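> Give the three-dimensional model of this entry:
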Amino acid sequence: MSGMSERGQGKAGRSKLGRWVALGVLAVIAVAAGAYVYVERSQTQSVQRSALEGSVAVYPYNFTQYDVAYSLMPGRGWFAEANSARGDHMQLFGYKPAAPDAPMQISWRYDSGPQKTAEGDYPFIVTLPQPRRPAGAVVLELRIYPDGKAAARYVTRPLVSEFSNVDPTLPGNDWVTNQ
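Predicted structure coming up:
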């Protein structure tokens, strides 16, 4: 009988050991999976961060009587309400040139009114030389006018009017425009 009990204790000891090994393996898998997710997430965030790093806020001024959907970078689009040229809206991380001297491509479409086009269909596409960039922190002023006119410039302080649209004439000589 003593031989039986030793074997029984051996089985019980082996099954406890087996459970501990299984738990240990599961713990290692969980830690590895957690580390993988953490690395993936931090790499994704750093890729997103690097894509946005160096981008500037955009202040859109829509001098048309219709809502406008516009894009300054592939895959990124924004809206500016009809006749909204007060400078009181901004798109954070709105523009980053492909290279410091790369031309600026502006595409837009009407999002309301008789000339409204479908999402992704931009009848207005303008390529402008990269505006001169002053030293320090800047934002981009983007003006969209009727008849396909666009103008852009970098400024340290955007024009903002609390009660009415800013003057549609282009103040200063640092604007780039297609007309």
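> Show the residue spans covered by the helices in this structure.
2-52 (DSSP state H).
> Could you point out which residue ranges in it have low pLDDT?
Scanning the chain for pLDDT under 70 picks out 1-14, 27, 30-53.
> Mind jotting down where the strands sit in it?
Under the criterion DSSP state E, strands of the chain are mapped to 56-62, 68-73, 76-80, 91-95, 104-110, 124-128, 139-144, 150-155, 176-177.
> Return the most buried member of those strands.
Burial of those is given as mean neighbour count (mean count of other CB atoms under 10 Å); strand 139-144 ranks first at a mean of 23. The way it works is simple: take the backbone N, C-alpha and C, and place the C-beta from them, glycine included.
> CA atoms of that one as PDB?
Taking Å, rounded to 0.1, in the frame of the first residue of the first chain, the C-alpha atoms of strand 139-144 are listed here in PDB:
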ATOM      1  CA  VAL A 139       0.200  79.800 -39.000                       C
ATOM      2  CA  LEU A 140      -1.100  79.600 -42.600                       C
ATOM      3  CA  GLU A 141      -3.700  82.000 -43.800                       C
ATOM      4  CA  LEU A 142      -5.700  80.500 -46.700                       C
ATOM      5  CA  ARG A 143      -8.100  82.600 -48.600                       C
ATOM      6  CA  ILE A 144     -10.600  81.100 -51.100                       C
END
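> Which of the strands of the chain sits closest to Lys16?
Closest to Lys16 of the strands of the chain is strand 91-95 (CB to CB; 56.5 Å).
> Other residues contacting the closest one?
52, 55-58, 60, 72-73, 76, 78, 104, 140 (CB atoms under 8 Å, 6 or more residues apart in numbering).
> just how off-centre is it within its chain?
Computed by CA atoms, centre = their mean, to the nearest Å, the chain-centroid distance of strand 91-95 equals 7 Å.
> Kindly report the same for stretch 85-99.
Distance, centroid of stretch 85-99 to centroid of chain: 11 Å (CA atoms, centre = their mean).
> distance of the nearest residue to Tyr122 once chain neighbours are set aside from Gly113?
Of all residues not flanking Tyr122 in the chain, Ser107 sits nearest, at 3.8 Å (CB to CB, 6 or more residues apart in numbering). Distance, Ser107 to Gly113, by CB to CB, to the nearest Å: 18 Å.
> Appreciated, that's everything.
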